[in-house]
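Colleague: Curious how this folds, go ahead:
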Amino acid sequence: MYGCAHYAERSAICYDGDIVAHERKADDPPSWALGERPYVGENGKEFAKRVMDKRYGKDKWYKGPKSKGPDSEYNRIRKWGDRAFE
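Modeller: As a prediction, this is how the structure comes out:
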């Protein structure tokens, strides 16, 4: 980081003088998912479902709307799959 102003936690990260929104970057997937990569043509939803099914068993991770909420592992993987591998 090169002398950038830091705002509220998780709102902005500076690299080489540029401010990149943390939400856009999606750099916080669960640590156990870091070795996974989306297949060619696979979107974030498909990627997250495949990774969650692999870890917990087919559809055993889905326990209602909260299991896909903003702080859920599913949502963090989905955003990471959509944004980090463009």
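Colleague: can you give me the helices in the chain?
Modeller: Along the chain, the stretches classed as helices by DSSP state H are 22-25, 44-56, 73-83.
Colleague: okay, these, which one's buried deepest?
Modeller: With neighbours defined as mean count of other CB atoms under 10 Å, these peak in mean count at helix 73-83, which reaches a mean of 20. Bear in mind the C-beta positions are built from the backbone N, C-alpha and C, glycine included.
Colleague: Just want the angle from that one to helix 44-56.
Modeller: 130 degrees (axes from the mean of the first three to the mean of the last three CA atoms, to 10 degrees).
Colleague: pLDDT of helix 73-83, averaged?
Modeller: Per-region confidence: helix 73-83 scores 90 on mean pLDDT.
Colleague: Just list what it packs against, helices and strands only.
Modeller: Contacts of helix 73-83 with other secondary structure elements, assessed using 3 or more CB pairs under 8 Å, 6 or more residues apart in numbering; DSSP states H and E, are made with helix 44-56.
Colleague: what comes into contact with the helix it packs on?
Modeller: The contact list for helix 44-56, computed with CB atoms under 8 Å, 6 or more residues apart in numbering, reads 32-33, 36, 38-39, 42, 59-61, 73-75, 77-83.
Colleague: Chain neighbours aside, what residue packs nearest to residue 29?
Modeller: Taking CB to CB, 6 or more residues apart in numbering, and ignoring the residues beside it in sequence, residue 29 has residue 80 as its nearest neighbour in space, at 4.1 Å.
Colleague: which residues sit in contact with that neighbour?
Modeller: The neighbours of residue 80, taking CB under 8 Å, 6+ apart as the test, are 26, 27, 28, 29, 33, 44.
Colleague: If we use 10 Å, what do you get?
Modeller: Listed by CB atoms under 10 Å, 6 or more residues apart in numbering, the contact set of residue 80 reads 25-30, 33-34, 36, 38, 44, 47-48, 51.
Colleague: Next one: it from residue 40, what distance?
Modeller: Between residue 80 and residue 40 the computed distance is 17 Å (CB to CB, to the nearest Å).
Colleague: Over to residue 55?
Modeller: Using CB to CB, which is the criterion applied here, residue 55 is 22 Å from residue 40.
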